[in-house]
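Asks: Have a look; sequence and predicted model below, questions after that.
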Amino acid sequence: MKRLLSACGFVPETGSCNDTSLSEHDHEDDNESEISDDEIGASGKLSQLIVSTKRLLGLPLAGERKAIPPLRPIPSYALSGERVLCDVCEALEITRAKFVIQPGDDDAEFAAIRELGFLDEIINKPKCPLCRLVLAACGGHRLQAAAPSGVRVKVQLFWGLDGLTTASSEVPQVRCLGIVTHIERAEGSATLGMLTNDRAHIVLMGNDAPGPLKLFLGRPLQQEQIDFRLVKRWIQMCETWHGSECEEPVVPLRHDPTEMAWFRLIDVCRQCLVRAPKKCKYLALSYVWGRVDSLNTVKKNVQAFEKRGGLARVRDRIPKTIADAMELTQRLGMRYLWVDSLCIVQDDLDTKTEAIAAMDLVYGGAFLTVVAATGDNANAGLPGVGPNSRGVQQVIEEVAAELRLSAPPHWSDTLDRSVYDSRAWTYQERFFSKRCLLFLDGQIVFKCRDTAWREDIVMEDESIIASHHSSGKRISGAPDIDPIGAYVGTLWEYSGRSLTYHSDIFNAFAGLSRCLGPELESDWCFGLPEVVFDWALLWDARDGKAQRRSGAPSWSWAGWVGRVQLATFGLGTLEKVGTWLSTHTWIIWYHRNIDSTDCRLLFTAPETASSSTTNLYGGPALNQQRFPFLNCTRTKPTLRILKEPPKYIDPLSSVPATGFLQFWTVSATFYISAGKEARGTARGYCYCDILDRNGLLAGKIFVPADWYSKNAPGEHELLLLSEGKDLALKEEGYNAVVEAAKYEDEQDVGEWNIYNVMLTQWCGEWAERVAIGGLYRRALKQALSPGPQWKEIVLA
């Protein structure tokens with residue numbers, strides 16, 4: 001029977017937990033579960049039995065596009081409530097037939113927007129099952145509590161199409177009821193804004209489908225626990241239908257993680273740590289540690305944990321999330337699990353450093369990643385793994401006889417609101433995973449690179465793509481995304497996440513940098529790609545924290561807390577950025593040693609030695625043509641030794657530097673005027689005008705509100721970095737539009753009509769970044785006294 005189940009996909013190749021005679025280093029030799037081609041060929045009855053068993057279990061057969069398991073009965077709690085539709089809902093004349101698209105349907109009937117009234121009215125109709133369902137779907141009680149004083153929340157229903165597939169010739173076959181909420185003034189004036197999107201919706205339960213079609217309809221959950229057989233079915237479907245597409249890592253692995261000397265796994269059968277069998281299948285856990293007293297593997301206990309039963313003997317100290325993941329691994333017929341706190345020896349700094357830098361290998365090599373997106377610490381558990389541990393009840397209402405409707409939550413919205421999705425470490429863990437099993441507020445979602453399946457919606461069809469109710473984040477490593485776009489997107493996602501320890505800012509980015517580096521063909525300099533350094537410097541803040549992070553220089557995004565964005569100038573590709581770098585930059589950047597006079601070039605382009613006649617990227621420097629009124633011949637660093645400078649460590653670079661940059665550029669003083677506080681996510685910053693000596697608008701800059709309160713308005717030094725254009729100033733959050741001042745005696749500067757400038761503050765011998773802004777190029781000669789200067793800068 002075990003061999004038959006193996007042929008149906010239920011027993012792992014590396015052995016099951018019943019195989020107790022294997023050595024801890026030789027699990028891969030267990031071949032009992034395999035059935036050879038000769039055996040199958042010699043026994044047609046065995047083949048027929050396998051097919052019959054797969055059909056019985058609802059597993060996909062070769063060539064079949066669907067593997068929909070039988071539906072459970074509607075739970076009794078959904079049938080026991082009051083079932084009296086209010087007059088408004090009764091007038092909608094909702095029937096189960098309307099949830100399935102029929103030939104000859106009147107499009108006009110389904111295009112109309114249906115008014116349900118105001119939210120406070122709906123709340124006051126607790127006996128109406130449809131009103132209760134609408135409130136559950138849109139979070140009505142929460143919206144009502146959050147509504148501003150003097151406004152009411154208006155609710156509307158509309159019929160939406162459902163059932164997206166990959167084949168363009170296929171059309172949606174089912175409908176759902178979408179919900180939209182608006183806020184209006186109490187006196188009934190114009191709509192002020194939408195509160196929810198059309199992803200709040202209501203579906204027909206598949207049990208009440210008017211025909212055989214059940215795809216995209218609701219599915220009753222197994223109430224006490226998750227359905228482990230359903231999860232196994234999803235895994236088998238992914239392997240059968242998607243093949244190598246979901247088996248290949250998101251980015252190519254340098255080597256198999258099981259070949260690394262430090263790589264251990266939890267053997268859930270023997271309840272101990274083992275050295276990973278070569279090329280074995282394993283699950284990986286992605287979770288939030290939180291501030292809990294967690295059991296860790298250290299030098300003192302590692303040998304005890306490697307003995308059979310070693311983890312069972314400390315079971316009461318294992319955090320619940322990890323314990324549940326061990327149970328899940330076993331229930332899925334798998335044997336090995338990777339968990340960072342137990343599989344990395346935490347006080348072995350050498351191997352820990354190596355492991356931290358290899359998270360792309362660990363999660364990229366995992367057969368499946370278990371994502372614990374519920375709770376905020378390691379004791380939150382995996383709801384639904386243990387008996388009666390779901391903690392939530394599926395929202396189902398019986399609106400009429402044989403008309404049961406459900407309000408399924410949008411799982412990506414739930415994920416976006418979770419503590420898990422706000423953490424920096426978990427970003428790369430999920431990003432590199434081939435397949436994920438997400439635990440979200442009592443429900444599970446299986447997400448692979450091709451699709452997403454969920455417990456409460458019937459979706460087991462090969463044609464379904466990941467865009468349906470999914471939240472894929474393949475922003476880098478994909479062949480159709482340029483490396484520049486990949487870096488911009490990755491930086492946006494990662495920088496907006498939080499860290500318990502600020503010192504982990506580079507560690508949690510290590511796997512991502514290893515992925516992006518080869519695409520950019522670049523080494524790293526404190527989180528900035530060296531080959532596009534001048535462009536990468538032009539990051540700007542996108543939220544209101546404006547707080548310095550110790551451990552990284554001020555010119556790096558890693559030196560600040562909060563989400564950042566890069567100005568692209570509409571370039572968008574590595575080739576175009578390269579052209580811009582060679583024609584619109586002039587600074588020769590040097591790394592400064594902090595305990596000697598030594599300096600070295602930040603990097604050397606293959607085609608140049610970065611002399612005074614070329615810029616860092618091999619293009620003509622054109623310094624005297626740009627600034628004919630200055631002597632710009634000096635570009636090499638002056639010998640000096642800094643006094644008591646801060647020390648920064650760059651673990652991402654193959655040739656680590658100190659974080660101190662030394663260079664020559666134009667310095668000019670302008671007046672930073674009164675600004676206005678930014679709105680939205682950028683609150684905590686101020687938009688300020690840059691004024692010239694005549695009081696004319698010369699540019700704009702976006703500064704931290706705390707800095708502004710202490711230093712503005714006033715005269716401040718600006719360092720010219722590179723040439724840009726108005727497009728950068730028009731990007732929300734970078735700066736507002738520069739109003740062209742009238743300098744009629746100046747020549748036309750073309751589309752690259754601004755200088756990207758850095759506002760700095762001096763800390764003794766070196767300067768630190770405050771903000772990036774835009775200065776109108778023709779305003780440079782109108783700087784305050786003493787006018788533009790060619791100046792040497794040390795930047796930290």
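Replies: Okay, I see it.
Asks: Which stretches in the stretch 401-550 of the chain count as helices?
Replies: For the stretch 401-550 of the chain, helices defined by DSSP state H, counting those that start in this stretch occupy the ranges 411-416, 424-432, 483-495, 510-520, 533-536.
Asks: Which among those is found nearest to Ala312?
Replies: helix 424-432 (26.6 Å; Cβ to Cβ). Glycine gets a C-beta too; all of them are placed from N, C-alpha and C.
Asks: hang on, the earlier thing: need the helices of the stretch 401-550 of the chain in CSV (columns: mean pLDDT, mean neighbour count and distance to Pro148).
Replies: Supplementary listing: the helices of the stretch 401-550 of the chain in CSV, determined by pLDDT from 0 to 100; neighbours: other Cβ atoms under 10 Å; distance: least, Cβ to Cβ, whole Å:
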stretch, mean pLDDT, mean neighbour count, distance to Pro148
helix 411-416, 88, 18, 22
helix 424-432, 95, 23, 34
helix 483-495, 94, 21, 30
helix 510-520, 92, 21, 40
helix 533-536, 97, 24, 41
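Asks: Turn these into TSV, including distance to Gly684.
Replies: Conversion of those to TSV gives the following (distance: least, Cβ to Cβ, whole Å):
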stretch	distance to Gly684
helix 411-416	22
helix 424-432	20
helix 483-495	15
helix 510-520	26
helix 533-536	23
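Asks: okay, now Val288: neighbour count?
Replies: By other Cβ atoms under 10 Å, the residues close to Val288 number 23.
Asks: wouldn't Tyr363 be in contact with Trp425 here?
Replies: No: Tyr363 is beyond contact range of Trp425, at 10.9 Å (criterion: Cβ atoms under 8 Å).
Asks: Met359 touches Gln428, doesn't it?
Replies: Yes: at 5.8 Å, Met359 counts as touching Gln428 under the criterion of Cβ under 8 Å.
Asks: between those two, what contacts are shared?
Replies: Ala510, Gly511 (Cβ atoms under 8 Å, 6 or more residues apart in numbering).
Asks: circling back to that earlier point, looking at the helices of the stretch 401-550 of the chain, which is nearest to Gln624?
Replies: Of the helices of the stretch 401-550 of the chain, the one closest to Gln624 (Cβ to Cβ) turns out to be helix 533-536, at 19.4 Å.
Asks: Pull the distance from that closest one to the chain's centre.
Replies: Offset of helix 533-536 from its chain centre (Cα atoms, centre = their mean, to the nearest Å): 23 Å.
Asks: so how far is Val770 from Leu784?
Replies: The spacing between Leu784 and Val770, counted by Cβ to Cβ, to the nearest Å, is 18 Å.
Asks: Quick check: Gly714 vs Arg548, distance?
Replies: Going from Gly714 to Arg548 by Cβ to Cβ gives 21 Å.
Asks: Point out where this protein drops to low pLDDT.
Replies: Applying pLDDT under 70 to the chain picks out residues 1-66, 163-172, 185-198, 464-480, 544, 606-612, 675-683, 726-749.
Asks: For it, give the strand that spans the most residues.
Replies: Ranked by residue count, the top strand of the chain under DSSP state E comes out as strand 661-677.
Asks: Packing partners of the next helix or strand after that one?
Replies: Per DSSP states H and E, the first helix or strand lying C-terminal to strand 661-677 is strand 685-691. If contacts are counted by 3 or more Cβ pairs under 8 Å, 6 or more residues apart in numbering; DSSP states H and E, strand 685-691 sits against strand 661-677, strand 697-704, helix 705-711.
Asks: Could I get the ones you listed in TSV, plus columns for distance to Leu528?
Replies: What follows is these, written out as TSV (distance: least, Cβ to Cβ, whole Å):
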stretch	distance to Leu528
strand 661-677	11
strand 697-704	19
helix 705-711	22
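Asks: Would you mind saying which of these lies nearest Arg229?
Replies: So among the helices and strands packed on strand 685-691, strand 697-704 is nearest, using Cβ to Cβ, at 54.6 Å.
Asks: circling back: Gly714 and Arg548 - which one has more neighbours?
Replies: With neighbours defined as other Cβ under 10 Å, Gly714 and Arg548 compare such that Arg548 has more, 15 against 10.
Asks: Which residues does the more buried one form beta bridges with?
Replies: Listed by DSSP bridges, the beta-bridge partners for Arg548 are Trp560.
Asks: Which parts of the stretch 1-150 of the chain are strands?
Replies: 114-118 (DSSP state E, counting those that start in this stretch).
Asks: where along the stretch 551-700 of the chain do the helices fall?
Replies: 574-584, 623-626.
Asks: C-alpha coordinates for the shortest one, PDB please?
Replies: Read that as helix 623-626. Provided in PDB are the C-alpha atoms of helix 623-626 (Å, rounded to 0.1, in the frame of the first residue of the first chain):
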ATOM      1  CA  ASN A 623      34.200  69.900 -16.500                       C
ATOM      2  CA  GLN A 624      35.500  73.200 -18.000                       C
ATOM      3  CA  GLN A 625      32.800  73.200 -20.600                       C
ATOM      4  CA  ARG A 626      30.200  72.800 -17.900                       C
END
